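Colleague: sequence first, predicted coordinates after that:
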Amino acid sequence: MLGLVPTLTAAPAAAATIQVTIEKLVFLPASVDAKVGDTIEWVNKDVIAHTATVKGGWEVMIPPKSKGQVTLKTAGAVDYFCRFHPNMRGHLDVAP
């Protein structure tokens with residue numbers, strides 16, 4: 001008697017949008033775990049402009065009381081900072 005063996009296939013996880021709040025000159029959370037394809041959205045609650053800048057990489061302008069975003073395209077550790085306020089720093093751990 002022949003039986004059928006069910007086959008399970010995992011569907012790829014849907015990409016997520018991960019929010020990072022900017023308030024009082026701080027990125028919150030300062031460190032984020034994400035994966036390739038996810039979008040990081042910075043929400044600026046301050047009354048001054050900020051950036052999310054990767055040295056030698058991308059830069060996102062985030063106007064006062066507004067949002068900015070980037071979709072992650074490569075895996076790895078990413079350190080970023082605000083070009084206007086270099087003491088503001090954040091980190092992304094991007095999984096494949």
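Modeller: That came through, no problem. Remember, predicted model here, so these are calculated numbers, not experimental data.
Colleague: list the contacts for residue 85?
Modeller: By CB atoms under 8 Å, 6 or more residues apart in numbering, the contact set of residue 85 is 25, 50. (C-beta placed from N, C-alpha, C; glycine too.)
Colleague: could you check how far it is from residue 92?
Modeller: Distance of residue 85 to residue 92, given as CB to CB, to the nearest Å: 18 Å.
Colleague: cool, residue 40 as well?
Modeller: 7 Å.
Colleague: any common contacting residues for these two?
Modeller: Taking CB under 8 Å, 6+ apart as the contact rule, residue 40 and residue 92 both touch 32, 34, 72.
Colleague: any low-confidence regions in the chain?
Modeller: Low-confidence segments of the chain (pLDDT under 70): 1-12.
Colleague: what about the strands in it?
Modeller: 17-22, 27-28, 31-35, 39-44, 50-53, 59-62, 67-71, 76-81, 89-95 (DSSP state E).
Colleague: gap between stretch 44-60 and the chain center?
Modeller: How far stretch 44-60 lies from its chain's middle: 12 Å, per CA atoms, centre = their mean, to the nearest Å.
Colleague: look at it and report the distance between its end residues.
Modeller: Stretch 44-60 has its terminal residues 12 Å apart, counting by CA to CA, to the nearest Å.
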